[in-house]
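Colleague: got a predicted structure plus its sequence, pasted below:
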Amino acid sequence: MSPRDLQKAMKRLGIKLEEVNAIKVTIELDTGEQLMVEDPQVMIMKAKGQPPMLYITGEIKKVEKKEEEEKPPFTEEDVALVAEQAGVSLEEARKALEETGGDIAEAILKLQQEE
């Protein structure tokens, strides 16, 4: 059934269809894998008393989820600032920032209290 025919049939049943101009649809599975629908046709179906439903058609591909490289929550400029303000080496400043989750003020205070 074409999306247009589906829309007419749903309208007769009191169901409202809304087309979504999607480029790609990604579904993350609990296994860490992803299902990707490329060039999808997506519609949102709304009926009284029912939660909205998605109608998605397209080419489905299974993709392994890439492990994202974890970036520290601070920059090298932050490391230099902490080292300068606390009067410690860059290595000590980096370690303090890691321990404080990138909180510059907390890292400086922590290093000053250790002296």
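Modeller: Sure, I can see it.

Colleague: which stretches in the chain count as helices?
Modeller: For the chain, the helices defined by DSSP state H cover 3-12, 76-86, 90-99, 104-114.

Colleague: what's the domain layout of this structure?
Modeller: 3-63, 76-114 (automatic domain parsing).

Colleague: tilt between the longest strand anywhere in the chain and helix 3-12?
Modeller: If you go by DSSP state E, the chain has its longest strand at strand 34-47. Compare the direction of strand 34-47 with that of helix 3-12 by axes from the mean of the first three to the mean of the last three Cα atoms, to 10 degrees and you get 40 degrees.

Colleague: contacting residues around the nearest residue to Pro73 once chain neighbours are set aside?
Modeller: Nearest non-adjacent residue to Pro73, counting by Cβ to Cβ, 6 or more residues apart in numbering: Gly102, 3.2 Å away. Any C-beta I mention is one placed from the backbone N, CA and C, and that applies to glycine too. Residues near Gly102 by Cβ atoms under 8 Å, 6 or more residues apart in numbering: 72-74, 78.

Colleague: any idea how far Phe74 is from Gly102?
Modeller: With the distance defined as Cβ to Cβ, to the nearest Å, Gly102 ends up 4 Å from Phe74.

Colleague: over to Glu19?
Modeller: On the measure of Cβ to Cβ, Glu19 and Phe74 end up 44 Å apart.

Colleague: give me the low-pLDDT residue ranges for the chain?
Modeller: 65-71, 115 (pLDDT under 70).

Colleague: how many neighbouring residues does the nearest residue to Thr100 once chain neighbours are set aside have?
Modeller: Among residues not flanking Thr100 along the chain, Glu106 sits closest, at 4.3 Å (Cβ to Cβ, 6+ apart). Neighbour count for Glu106, taken as other Cβ atoms under 10 Å: 15.

Colleague: now swap in Ala80 and tell me
Modeller: 13.
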